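Structure for this input, please:
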Amino acid sequence: SPFYPRERELGAVFYETAGWERPWWYASNEPLLEEYGDRVMPREAEWESRWWSPIINAEHLAMRDRAAMIDLSAFAVFDIVGAGALDYLQRLALAEMDVAVGRVVYTSILDQHGGFKADLTIMRLDDSVFRIVTGGMDGPRDRKWFEDHLPADGSAALDDVTSAWCTLGLWGPRARDILKATTSADVSHEGFPFLRCRWIDIGPVRALASRISYVGELGWELYAPMEQGAALWDTIWEAGQPLGVVPSGIGVYGTTGRIEKGYRLYGAELETEYNVVEADMQRPKVKDADFIGKEAHVGHRNEEPAAILSTLTVDDNTSPSNGKKRYMLGREPILTPDGVRITDRKGRGSYVTSAGSGPSVGKHVLLAYLPPEHAQEGNKLLVQYMGDRYPVTVAVKGSRSLFDPENTRVRS
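Modelled structure (predicted):
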């Protein structure tokens, strides 16, 4: 991304995704380890310490306390244009797309059986212009789905503009103060509400700011032309220095910040085998417009779910075998207290869909689909990891967040 030279200077530890070098964490944040001490939840076992650093959890805590900058340029970005753009997206999206210009819509895309085909955001930039933003790894698959369903009459077209735009995430309780220092635009909560987008000037850069969050904090995704990316980074970085901004990697964005909020991830929690009701992502009502998967989705709403996505916390990470603290990584089976594998009425076994540190809550956090009789808050279960069984508690049934359940931070 255009931020790469700055990230290298800050000691970014990179990994590759969809052809992009993405920071996992930053060595420059090592002093934060002293600031946060044991709250970074250090790991001692070699296996789950691979491709991980306690710096990730320190960056997480610094974001919660102050603010963080996160490179999201790997996002895939598609513009949908044309007189038929709205009707086209209404046909594909679960959410209502007939919204005012400047609204940001988070929506699932379903297959004909009501399973998850994609999970993404769509901004309405004009009456006949919408911008889809999805994950970098998801981009080619999502593009194929959208292209395959374009109207035959040519009333809507898809333009892949991924290579034209870089994206910088700015989140944390000081994010507004930082952004305010760079622009004359009104970025107050009243002037720039949650789930809104608009063009603003950030220093010398004209950027599209989208007020949305995947980490559970006040902030924005900032989209700028690729050639102006370095100027965008430098402007935000300079404004953030007096307020303690830190660079943060995908370890925070994709795991710790997300999992504390119970935010779902396509390919982990969201896949075709499970449906919207089981993921507890159903809307108050089904929109009038027809869409792919509508009939199946309505059927799911009218029946008891076979499983409910829940948040679990590990009660004790101590290995019964060697006394070391061990931390699940995902895909581990969930068992009853007497060691029986849990399955739902459809024959699907319960397993950990996502796992990661929850530094703000002081627990290792797991997400898993559980049958209704087991998805009861306070219920005690087991998770099997590396041949040992660890006690876990169902902390949240459904989509309520473990951290800041009232979402006061995001909407502040």
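
Can you give the domain ranges for the chain?
The chain breaks down into these structural domains: 4-74+165-260, 304-397 (assignment by automatic domain parsing).

Secondary structure element holding the nearest residue to residue 93 once chain neighbours are set aside?
Of all residues not flanking residue 93 in the chain, residue 107 sits nearest, at 4.5 Å (C-beta to C-beta, 6 or more residues apart in numbering). In this view, the C-beta of every residue, glycine as well, is placed from N, C-alpha and C. Per DSSP states H and E, residue 107 falls inside strand 104-110.

Check which element follows that strand along the chain.
Note on strand 104-110: by DSSP H and E, the next helix or strand toward the C-terminus is strand 116-126.

any idea how far that next one is from the chain center?
Here strand 116-126 shows a centroid-to-chain-centroid distance of 14 Å under the convention C-alpha atoms, centre = their mean, to the nearest Å.

one step back: wait, doesn't the residue nearest to residue 93 sit right on residue 90?
No. Taking C-beta atoms under 8 Å as the definition, residue 107 is not a contact partner of residue 90, at 10.7 Å.

Compare the two (neighbour count), which wins?
Between residue 107 and residue 90, residue 107 has the larger neighbour count (other C-beta atoms under 10 Å), namely 21 against 17.

how close does the more buried one get to residue 394?
Applying C-beta to C-beta, to the nearest Å, the value for residue 107 to residue 394 is 28 Å.

How far off centre is the strand holding residue 107?
13 Å.

and the angle for it with strand 116-126?
Between strand 104-110 and strand 116-126, the angle comes out at 150 degrees (axes from the mean of the first three to the mean of the last three C-alpha atoms, to 10 degrees).

quick one, what contacts the residue of the chain most remote from its centre?
Most distant residue from the mean C-alpha position of the chain: residue 153, 35.2 Å away (C-alpha atoms, centre = their mean). If you count contacts by C-beta atoms under 8 Å, 6 or more residues apart in numbering, residue 153 has them with residue 84.

ok, and for stretch 121-128, which residues are buried?
121-125 (16 or more other C-beta atoms under 10 Å).

Ok, stretch 344-353 next?
Within stretch 344-353, the residues scored as buried using 16+ other C-beta under 10 Å are 344, 348, 350-353.

Now do the SS call for the residue farthest from the centre of the chain.
At residue 153, secondary structure determined by DSSP: H, G, I helix; E, B strand; the rest coil is coil.

Please name the residues that touch residue 91.
Residue 91 neighbours (C-beta under 8 Å, 6+ apart): 149, 289-292.

any idea of the pLDDT on it?
For residue 91, the pLDDT comes out at 98.

now the domains of the chain in CSV, with mean pLDDT and distance to residue 267?
Listed next are those as CSV, based on pLDDT from 0 to 100; distance: least, C-beta to C-beta, whole Å:
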stretch, mean pLDDT, distance to residue 267
domain 4-74+165-260, 98, 11
domain 304-397, 98, 9
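
Adding distance to residue 134, write those domains out as CSV.
Shown next, in CSV, are those (distance: least, C-beta to C-beta, whole Å):
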stretch, distance to residue 134
domain 4-74+165-260, 10
domain 304-397, 18
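
Spatially nearest residue to residue 21, not counting backbone neighbours?
residue 14 (4.5 Å).

ditto for residue 15
Excluding the flanking residues, the one nearest residue 15 by C-beta to C-beta, 6+ apart is residue 24, at 5.1 Å.

show me what contacts the one you found?
For residue 24, the contacting residues are 12-15, 51, 53, 56, 249-251, by C-beta under 8 Å, 6+ apart.

Which members of those are classed as buried?
Taking 16+ other C-beta under 10 Å as the criterion, what is buried in the contacts of residue 24 is 12-14, 53, 56, 249-251.

in the sheet, who's paired with residue 15?
Beta bridges link residue 15 to residue 22, judged by DSSP bridges.

My guess is it contacts residue 22. True?
Yes. Using C-beta under 8 Å, residue 15 makes contact with residue 22 at a distance of 5.9 Å.

What subset of the contacts of residue 91 is buried?
Buried residues within the contacts of residue 91, defined by neighbour count using 16+ other C-beta under 10 Å: 291-292.
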